[in-house]
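Chemist: How does the following fold in three dimensions:
(2 chains, ligands or ions: 2)
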Amino acid sequence: MAGDQIVRIRKLQKSYVEGGRHHWILRDLDWCVERGEFVVLLGRSGSGKSTLLNLISGVDLPDRGSVEVAGTEIGRLDESGRTRFRRRHIGLVFQQFNLISTLTVLENVLLPLELNGLLNGATRRRALDLLARLGLAGREHTFPDRLSGGEQQRVAIARALIHEPALILADEPTGNLDLETGREVLALLDSLVREHGQTLIMATHSREVIGLADRILTIRQGRLEDRPG
Amino acid sequence: MKPLVFRAGLRALLHHPWQLILALFGIVLGVAVVTAMDLAKHSALVSFERAQVALFGRATHRISAPGGIAEDWYRRLRRQGFVRSRPLVEGTVRTASGKLLKLVGIEPLAEIAFAPAWLNASREMGKSVWRRFLLEPGTVLASRRTAAEAGWQIGDRVPIRAGGRTRTLTLIGFYEPKSAKAALDPVLIADIATAQEILGSYGRLQAIDLIVEDRARLERLRRSLPDDMELTARMAATASVRRMTRAFYVNLTALSLLSLLVGAFLIYNTIGFMVVQRRRLFAILRLLGLTRGEILAGVLGEAVLLGSVGSLLGVVAGILLGRILLALLARTLNDVYFPVPAAELDIPAWLLLKGGLLGLGATVVASLVPAVEASRTRPVTVTARSLQERHSRRRARRSALAGTIFLLGGALVLAAGEDLVSGFVALTLAILGCAMLTPAIVPPVMAVCRWLGFRLFGPLGAMPARSVTASLSRTGIAAAALMVAVATTIGMASMIHSFRDSVQRWLTRRLDADLYVYAAGSGERRPLPFALGERIAALPQVTGVGSVRYRRLTTEAGFLRINAYRLSPAAFATFEWVERTDRDPWQAFQQGGVMVSEAFARLRGLHAGDRITIPTPRGPRTFSIFAVFVDYNTGRGIVAMERRVYERFWRDDRVSTFWIYLRPGSDAERIKTRLAGLSPDIPLEIQDNRALLRLSMRIFDQAFAVTGVLRWLATGVAFVGVFSALLALQLERSRELGVLRALGLTPGQLWGQIVAETTLLGGVSGLVAVPVGMLLGWLLSEVIDRRAFGWTLEFGFRSGDLLQGPALAVAAALAAGLYPAWKMARTPPAEALRCE
Ligand SMILES: Nc1ncnc2c1ncn2[C@@H]1O[C@H](COP(=O)(O)OP(=O)(O)O)[C@@H](O)[C@H]1O
Ligand SMILES: [Mg+2]
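Modeler: Ligands and ions are numbered 1, 2, ... in the order given. The predicted structure follows:
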């Protein structure tokens, strides 16, 4: 049923101009993601995974085609509209963590609540609970540069989930972590997302996640292939 | 602004507190200079006005004459029914220690109708003092301050010198209550007979003040007065002082605003840096959903905060600086324009508010570009630095294009209008335009330096220049800020010095005689009889005599001065023409034509060949202007004519100044003694031309003392600007430098790199500042001297002023290189690598 599709992509095209020549990254891509799904995007480095995620989050715009998230067509919104849409409906996790170094762990997590005007006593408690569940109790007032990579990524996950967005986009969240730590982080992310029935799209080139995912796709030469590469 | 977001930004800023402090310093200094200048100018006028009220009380009009008025006039006026009138004698005297004081002689009973402030205050001193003052000759009143400074006590017999004689007076009381503002300082008040005796002006008054409301009566009175007596409204005194000082004040305002502009560039530089440093933060915030508008508002919010704190401190500093400037300004105004009694800083709230708002406004405007840039930060995961720098090259080119447009716009505005405002607009556009051009100049210059460095020192030698170009987003801003700061000081210095040199050249040319003779005394001098000239000419050794009579006229269009000359063709040839008709000037001059000063021509829109109508005692007369001459006298313009022409209309047989040519090798000292003997009743002042030149230049220098201080303040702001820009640049690179250390650069080599880099950047900015400074100097002189004062200068440059620019930049660059170099050399490489 169409109502259950949180992401709908039609005829998506994206290219970069380099040295006067069009360099195609995505061509005529059609794709849908069901609500509550955990989808893994595989593909070699440089295949366009980040580009696709950026188009879904509205950080970047396609050359042609449309992206619809939760019934809203991203391309129809203006810059400010896209930004507001993103901060309300999408949670982001990155390879480089991208925590704000001048905010404490707790403050980093509270930031999306503040941006959405949801910051109050209750949500603050929820943030503390979430941090505790992620094994960060007692580190709330530490600054990110005092944390290990795994801890930093767990803070980033808390930040992506705290305002309960319907869609979470994770771009190689384990790329900067050792194998064991990466596995732990993935398990946590998986269980938290499933608990709340949220949708997770994760780009990665590691095959560690395959066991956890509902669906696996591979980007190859600008197209999506519905099977593991 | 969202508190957490604000906190994130603020904490990032507080990582570099010195940077905030330097930005604050820029705002504080800029606001302080503007506020101080405003306060000083305002206070000088206010204290002049207060002194007028204190001295004149309710007087509505004053009758005065350049050589004074015969005492009979006072009695005659009273007989005619002008009972609310009072006589006034004024002169300058010295105390035993040589301090100059003004002595005012009054008729105590006549004063009552005028209720001047000093009289009201003196009631406090009690009846017995008042009675003594009325009845006892040789008594005098002083202000507490004057008495305290001279070490006088009530009852003391105080010696007073005037005209070479000493008289002893008795100080019987103070004319002001303890709390009064010393608006009258330094003035002694005596009764009229005492004052006349001391000043040697028996039977003569300086002025007669009147209270008259009936305009018809005033008109009748005006007509009944002889030519040389003038009836002026008292309010006109204040108005004319305002008019007289307008050009001078414009000059000060322009220079203080320039200081603020330099301060604004400092702010621009700092805010720009603060944005560049936090690009990563902004990118993450954009990813998390902060809109462009929110980022823009955030950065502007910071600027408002910074601007408010800085402006507040600046206003406070301005009050302190204002006291110093006022002291200097008061001296200048005293010498050149009008008496400023012991000036106290008057601090009206609106001036403080104006200074504060200007500072805040400048901060916000200076932050606009960086704020917009911050808001443009793309949310796509933090882009690589090299990509940013590629952008910054493009930006530098775009900014150069905009700069060119600004410069062209400035040229258009300058050409379009003749007024002051368009001059200022053009000046501002020129500064902004040049600043925008600067970043584009950096890469090519650095390319040359890189090549040179490589040739001389190998790969390590090429590195400093490369790294300046590699971080153009930061170095470009710094170079622009630096350049403006340095160029401004060059421009100011060139303007002031061209002005001084022009005046000196002009004076040297015009003062071609050997001796100059005029009546001794200060203020409006008494004229000498024209016949004295014949007696002087008859002296042995004297080969020629010339003379001029100065007359001040009040017309509907303002003051003007008539100079009536009697001079030889050779002396006439010392006049230089701004423009003239085809007629031979000497012939035209002899045949009844007039020439006008450049300032006057400009003020009234007159040209050679035009006609001018001047009110004369025989009714308005029209003269044809055969030339406009170069003249650097301040204030009112001059209409010069041959003495015969003047005498025809004014019937005046007096002369203000004689000049005398001597046979070469004459004994000037002996002639001076003989000259003094020729005028037993009016003491003469005799100056040789060199002394007169020195005297004139001293007055000039005093007039420009305040300007000089402003110039040094701007230089101070510039130094701080250069220093902070380069310091920021280096401290920003700790990590990069840490990598170099890790790669094996010795602390000494690192030190060399850093200092070479700041010096390169300082040097290139300092060099660009030279032509820009010349342009600014020329524009300043166009705006201030030509458009405000009405003088065209022979504009020129002193190599010292030009060299001062690069020297300043390099000195500041070296200073700015020292601290980071020292810090980095002391930091273990591992530490530097860790910090981000
Ligand atoms: N801003 C850009 N300009 C030019 N090329 C880009 C830009 N961003 C990405 N690319 C190119 O697009 C391709 C896909 O990049 P990306 O989506 O980051 O791949 P992935 O995330 O799968 O490693 C790469 O070849 C990359 O070089
Ligand atoms: Mg990627």
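
Chemist: From now on I want contacts and neighbour counts done on CA atoms only, so please keep to that.
Modeler: Noted.

Chemist: Point me to the residue of chain A nearest chain B.
Modeler: Closest residue of chain A to chain B, C-alpha to the nearest C-alpha: A:Arg87 (4.4 Å).

Chemist: What's the local residue count around that residue?
Modeler: Neighbour count of A:Arg87, defined by other C-alpha atoms under 10 Å in any protein chain shown: 25.

Chemist: what's the pLDDT at it?
Modeler: On the pLDDT scale, A:Arg87 is placed at 91.

Chemist: ditto for B:Tyr565
Modeler: What the model reports for B:Tyr565 is a pLDDT of 94.

Chemist: quick one: which helix or strand includes B:Arg395?
Modeler: Element membership for B:Arg395 (DSSP states H and E) is helix B:385-416.

Chemist: Is that helix in proximity to ligand 1?
Modeler: No - Helix B:385-416 lies out of reach of ligand 1 by C-alpha under 6 Å from any ligand atom, never closer than 9.2 Å.

Chemist: returning to that earlier point: helix, strand or coil for the residue of chain A closest to chain B?
Modeler: Using DSSP: H, G, I helix; E, B strand; the rest coil, the structure places A:Arg87 in helix.

Chemist: Does the residue of the stretch 1-150 of chain B found nearest ligand 1 belong to a helix, a strand or coil?
Modeler: Closest residue of the stretch 1-150 of chain B to ligand 1, C-alpha to the nearest ligand atom: B:Gly9 (26.3 Å). Here B:Gly9 is recorded as helix under three-state DSSP.

Chemist: ok, now B:Thr508?
Modeler: With three-state DSSP as the basis, the three-state label of B:Thr508 is helix.

Chemist: What of A:His163?
Modeler: Recorded secondary structure, A:His163: coil (three-state DSSP).

Chemist: mind listing the helices for chain A?
Modeler: Ranges of helices in chain A, per DSSP state H, are A:49-57, A:79-89, A:105-115, A:121-133, A:149-161, A:179-195.

Chemist: so which of those comes closest to B:Gly433?
Modeler: Checking the helices of chain A against B:Gly433 by C-alpha to C-alpha gives helix A:79-89 as the closest, at 31.8 Å.

Chemist: Could you tell me the angle between the closest one and helix A:105-115?
Modeler: Counting by axes from the mean of the first three to the mean of the last three C-alpha atoms, to 10 degrees, helix A:79-89 lies at 120 degrees to helix A:105-115.

Chemist: so what does helix A:79-89 touch, helix or strand wise?
Modeler: Here helix A:79-89 touches helix B:279-288, going by 3 or more C-alpha pairs under 8 Å, 6 or more residues apart in numbering or on different chains; DSSP states H and E.

Chemist: Distance of the closest residue to B:Ala480 other than its chain neighbours relative to B:Ser781?
Modeler: Excluding the flanking residues, the one nearest B:Ala480 by C-alpha to C-alpha, 6 or more residues apart in numbering or on different chains is B:Ala435, at 4.8 Å. Going from B:Ala435 to B:Ser781 by C-alpha to C-alpha, to the nearest Å gives 20 Å.

Chemist: which stretch among the helices of chain A comes nearest B:Ile112?
Modeler: helix A:105-115 (74.7 Å).

Chemist: Would you check that the residue nearest to B:Ala480 makes contact with B:Gly403?
Modeler: Yes - the pair B:Ala435 and B:Gly403 qualifies as a contact (C-alpha atoms under 8 Å) at a distance of 7.3 Å.

Chemist: Compare those two (neighbour count), which wins?
Modeler: The residue with more neighbours, out of B:Ala435 and B:Gly403, is B:Ala435; 27 against 22, by other C-alpha under 10 Å.

Chemist: pLDDT averaged over the strand or helix carrying that one, what's the number?
Modeler: Using DSSP H and E, the element containing B:Ala435 is helix B:420-457. Across helix B:420-457, pLDDT averages out at 89.

Chemist: Over to stretch A:214-229?
Modeler: Averaged over stretch A:214-229, pLDDT sits at 83.

Chemist: buried residues in that stretch?
Modeler: By 16 or more other C-alpha atoms under 10 Å in any protein chain shown, the buried positions in stretch A:214-229 come out as A:215-220, A:222-224.

Chemist: between those residues, which is closest to B:Gly593?
Modeler: When these are ranked by distance to B:Gly593 (C-alpha to C-alpha), A:Gly222 comes first, at 92.4 Å.

Chemist: partner residues bridging the closest residue to the closest one other than its chain neighbours?
Modeler: Distances taken as C-alpha to C-alpha, 6+ apart place A:Leu26 nearest to A:Gly222, at 3.9 Å, with adjacent residues excluded. Using DSSP bridges, the bridge partners assigned to A:Leu26 are A:Lys14.

Chemist: With B:Arg580 instead?
Modeler: Applying DSSP bridges, one finds that B:Arg580 bridges with B:Ala627.

Chemist: Could you count how many residues lie near it?
Modeler: B:Arg580 has 18 neighbours, counted by other C-alpha under 10 Å.

Chemist: any idea how far it lies from chain A?
Modeler: Counting by C-alpha to the nearest C-alpha, to the nearest Å, the gap from B:Arg580 to chain A is 66 Å.

Chemist: and that residue, how far is that from B:Phe589?
Modeler: Counting by C-alpha to C-alpha, the gap from B:Arg580 to B:Phe589 is 12 Å.

Chemist: got it, and B:Ser624?
Modeler: Computed as C-alpha to C-alpha, the B:Ser624 to B:Phe589 distance reads 10 Å.

Chemist: repeat for B:Ser656
Modeler: Computed as C-alpha to C-alpha, the B:Ser656 to B:Phe589 distance reads 20 Å.

Chemist: looking at chain B, which helix or strand is least sure?
Modeler: Least confident helix or strand of chain B, by mean pLDDT, DSSP states H and E, is helix B:829-834 with a mean of 58.

Chemist: What pLDDT is listed against residue 131?
Modeler: Since no chain was named, I'll use chain A. Turning to A:Leu131, the model gives it a pLDDT of 95.

Chemist: look at chain B instead
Modeler: pLDDT, read off for B:Arg131, is 79.

Chemist: wait, is it part of a helix?
Modeler: Yes - per three-state DSSP, B:Arg131 lies within a helix segment.

Chemist: Who are the contact partners of it?
Modeler: Not one residue lies near B:Arg131 by C-alpha atoms under 8 Å, 6 or more residues apart in numbering or on different chains.

Chemist: Report the distance from the helix holding B:Ala435 to the chain centre.
Modeler: Computed by C-alpha atoms, centre = their mean, to the nearest Å, the chain-centroid distance of helix B:420-457 equals 29 Å.
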